[in-house]
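Asker: Based on what follows, work out the 3D shape:
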Amino acid sequence: MAQASQNRTTSSPQTSGAGYLFGVPLGDLGFFTSLLMSFALGFAAFFAATFCAIIGILFYNTATHHAVDFALTYTRFGLPVGLLVLVIALGYLGTLWTRRKLRKA
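Answerer: Okay, here's the model as predicted:
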């Protein structure tokens, strides 16, 4: 078993602070990467909210013997959540990108 050198300092990468989310350096993303990440988060939120709404309506229909239309999950749950997450992600990543551009200028 090898021992660590006493002279070498180990530096861990920065995982907190402005522009970092769970260790991912979001502040270093370019314009198109920020756009792509924002739309990917919006799509993921849309599908996750739609899935949760489908499961919720399924349990509601089963428990109460009602016939709620599953098409409502897309329009009443998935779409608003997806658009909200898209706007928040565009605002956050756009702000990080703008700050980075202004700092370099």
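Asker: Find the centremost residue of this protein, please.
Answerer: What sits nearest the mean C-alpha location of the chain, by C-alpha atoms, centre = their mean, is Leu41, with 4.4 Å.
Asker: Check whether that residue really touches Leu86, as I assumed.
Answerer: Yes. Distance between Leu41 and Leu86: 7.1 Å, which falls inside the contact criterion (C-beta atoms under 8 Å). C-betas here are computed from N, CA, C, even on glycine.
Asker: pLDDT value on Ala71, please?
Answerer: Note on Ala71: pLDDT of 92.
Asker: Can you show me the strands along the protein?
Answerer: For the chain, the strands defined by DSSP state E cover 20-21, 24-25.
Asker: thinking again about what came up before, the closest residue to the residue nearest to the centre of the chain other than its chain neighbours - how many residues pack around it?
Answerer: Distance criterion C-beta to C-beta, 6 or more residues apart in numbering; nearest residue to Leu41, sequence neighbours excluded, is Ala89 at 4.5 Å. A count of nearby residues for Ala89, using other C-beta atoms under 10 Å, gives 20.
Asker: pretty sure Ala89 is touching Ala44, no?
Answerer: No. In terms of C-beta under 8 Å, Ala89 does not count as a neighbour of Ala44; the distance is 10.0 Å.
Asker: sorry, back to before: want to throw the strands of the chain into JSON lines with mean neighbour count and distance to Phe59?
Answerer: Output for the strands of the chain, formatted as JSON lines (neighbours: other C-beta atoms under 10 Å; distance: least, C-beta to C-beta, whole Å):
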{"stretch": "strand 20-21", "mean neighbour count": "14", "distance to Phe59": "33"}
{"stretch": "strand 24-25", "mean neighbour count": "13", "distance to Phe59": "35"}
